[in-house]
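Peer 1: no sequence on this one, just coordinates:
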């Protein structure tokens with residue numbers, strides 16, 4: 001699964017690079033796509049307003065996969081061009097296989113559905129089509145095994161266009 005996510009991530013980045021008509025070379029960008037580390041995920045962020053963005057995450061792990069959608073409010077940080085804070089929330093749906101049951105719980109494979117929060121910092125490099133973010137993404141699983149996950153801190157590196 002890890003190799004598949006790397007291949008998909010590279011394909012996404014190459015496809016985005018060849019289809020982009022104009023790269024965002026300033027401090028602002030409209031859309032970015034890349035990879036997020038911990039959890040390992042493919043990530044796409046798209047601004048729908050100057051201060052609001054939608055982010056989608058497709059996470060692969062040895063026990064399954066998870067799709068997360070987030071709505072994020074963004075704000076400028078004074079005297080720091082290109083740096084923004086953001087906070088928001090959303091939801092996820094995931095699937096796990098029987099290895100999860102065998103290792104942790106007395107449950108069969110199944111579906112998980114829950115809610116997510118996010119708070120972080122987003123930086124767009126000037127004169128380069130690179131965007132990075134660092135965030136904390138707590139989540140609570142409602143359907144499937146119910147639990148709170150508070151240990152997801154992510155570093156995303158994206159190609160901005």
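Peer 2: Right, received. Where do you want to start? Remember, predicted model here, so these are calculated numbers, not experimental data. Numbering: from 1, shown residues only.
Peer 1: where does this structure dip in pLDDT?
Peer 2: Applying pLDDT under 70 to the chain picks out residues 1-24, 98-109.
Peer 1: Which residue ranges of it form strands?
Peer 2: The residue ranges that make up the strands of the chain, judged by DSSP state E, are 31-37, 41-49, 52-61, 64-76, 83-96, 110-124, 130-136, 139-143, 147-149, 153-160.
Peer 1: I'd like to know which of those is closest to residue 25.
Peer 2: Counting by C-beta to C-beta, residue 25 lies closest to strand 153-160 out of those; the figure is 8.9 Å. Glycine gets a C-beta too; all of them are placed from N, C-alpha and C.
Peer 1: roughly how far apart are residue 112 and residue 142?
Peer 2: Taken as C-beta to C-beta, to the nearest Å, the spacing of residue 112 relative to residue 142 amounts to 8 Å.
Peer 1: With neighbour numbers in mind, choose between those two.
Peer 2: It is residue 112, of residue 112 and residue 142, that has more neighbours when counted by other C-beta atoms under 10 Å, with 20 against 13.
Peer 1: so how far is residue 43 from that one?
Peer 2: The spacing between residue 112 and residue 43, counted by C-beta to C-beta, is 19 Å.
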